[in-house]
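Visitor: Predicted structure and sequence below. I'll ask about it afterward.
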Amino acid sequence: EPEVTQTPSHQVTQMGQEVILRCVPISNHLYFYWYRQILGQKVEFLVSFYNNEISEKSEIFDDQFSVERPDGSNFTLKIRSTKLEDSAMYFCASRSGELFFGEGSRLTVL
Amino acid sequence: KNEVEQSPQNLTAQEGEFITINCSYSVGISALHWLQQHPGGGIVSLFMLSSGKKKHGRLIATINIQEKHSSLHITASHPRDSAVYICAVSWGGTSYGKLTFGQGTILTVHP
């Protein structure tokens, strides 16, 4: 069965460092998304990406965040200068029709 | 702003019991999603509904657009059904994946 894969599964970083979370969406999917879930809280939408550009973003997705599809397979989320409050589980998802989620990348900022 | 409320927040059941999880939302939507979050954190999409009812194995999802309400039913529950079940809504088109999530229902099924 096709799946969305995310790396790393867990990353620990120091406050102020840049972090890149990577996602490999399902190969024929055209729409890509990032979500995050702070421990104990609801999952939140961050950004949607289609046709090589951001189609929608939430208030959370400020200038510290960026997304990129550097090649035909990867979809990345970059956090330029991490803060303590960026500690969360980050989920990538992709869709053609049905939405498929990755297993998540847990980011811990110390 | 669309709010999504789930009930109950926690649910404990004995194996074999019929389970219902409810979801209400405040604004008209294009689609409603039921998701399952594993103990390890990964999310699996169970259903996407825009009207009526869908069934997959022991899982049944219904939606009432007029009442802005959806239910997820699990028949003959099993300990492996233990997970967090999340309701999320979207508005379709380019906003399809811009989901607003409920807080989740923690289901524990005892053998």
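Guide: That came through, no problem.
Visitor: Now do the strands in the chain.
Guide: Here I'm looking at chain A. Counting by DSSP state E, chain A has strands at residues A:5-7, A:10-13, A:19-24, A:31-37, A:43-50, A:53-57, A:65-68, A:75-79, A:88-95, A:99-101, A:105-109.
Visitor: The chain in question should be chain B.
Guide: B:4-7, B:10-14, B:19-25, B:31-37, B:43-49, B:52-56, B:59-64, B:69-74, B:83-90, B:100-101, B:105-110.
Visitor: would you turn these into CSV with mean pLDDT?
Guide: Output for these, formatted as CSV (pLDDT from 0 to 100):
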stretch, mean pLDDT
strand B:4-7, 96
strand B:10-14, 97
strand B:19-25, 97
strand B:31-37, 95
strand B:43-49, 93
strand B:52-56, 96
strand B:59-64, 97
strand B:69-74, 98
strand B:83-90, 96
strand B:100-101, 94
strand B:105-110, 97
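Visitor: nearest to residue A:64, of those?
Guide: Nearest of the strands of chain B to residue A:64, taken as C-beta to C-beta: strand B:100-101 at 22.1 Å. For glycine as for every other residue, the C-beta is placed from the backbone atoms N, C-alpha and C.
Visitor: before we move on, the earlier item: could you work out which of the strands of chain B reaches nearest to residue A:6?
Guide: Per C-beta to C-beta, nearest to residue A:6 of these: strand B:43-49, 11.1 Å.
Visitor: Same list, the strands of chain A, but as CSV with distance to chain B please.
Guide: Converted to CSV, the strands of chain A look like this (distance: least, C-beta to the nearest C-beta, whole Å):
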stretch, distance to chain B
strand A:5-7, 9
strand A:10-13, 10
strand A:19-24, 13
strand A:31-37, 4
strand A:43-50, 4
strand A:53-57, 5
strand A:65-68, 13
strand A:75-79, 13
strand A:88-95, 5
strand A:99-101, 4
strand A:105-109, 7
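Visitor: sorry, back to before: in a markdown table, list the strands of chain B along with distance to residue A:34.
Guide: Below are the strands of chain B laid out as a markdown table (distance: least, C-beta to C-beta, whole Å):
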| stretch | distance to residue A:34 |
| --- | --- |
| strand B:4-7 | 19 |
| strand B:10-14 | 29 |
| strand B:19-25 | 23 |
| strand B:31-37 | 16 |
| strand B:43-49 | 13 |
| strand B:52-56 | 27 |
| strand B:59-64 | 25 |
| strand B:69-74 | 25 |
| strand B:83-90 | 15 |
| strand B:100-101 | 14 |
| strand B:105-110 | 24 |
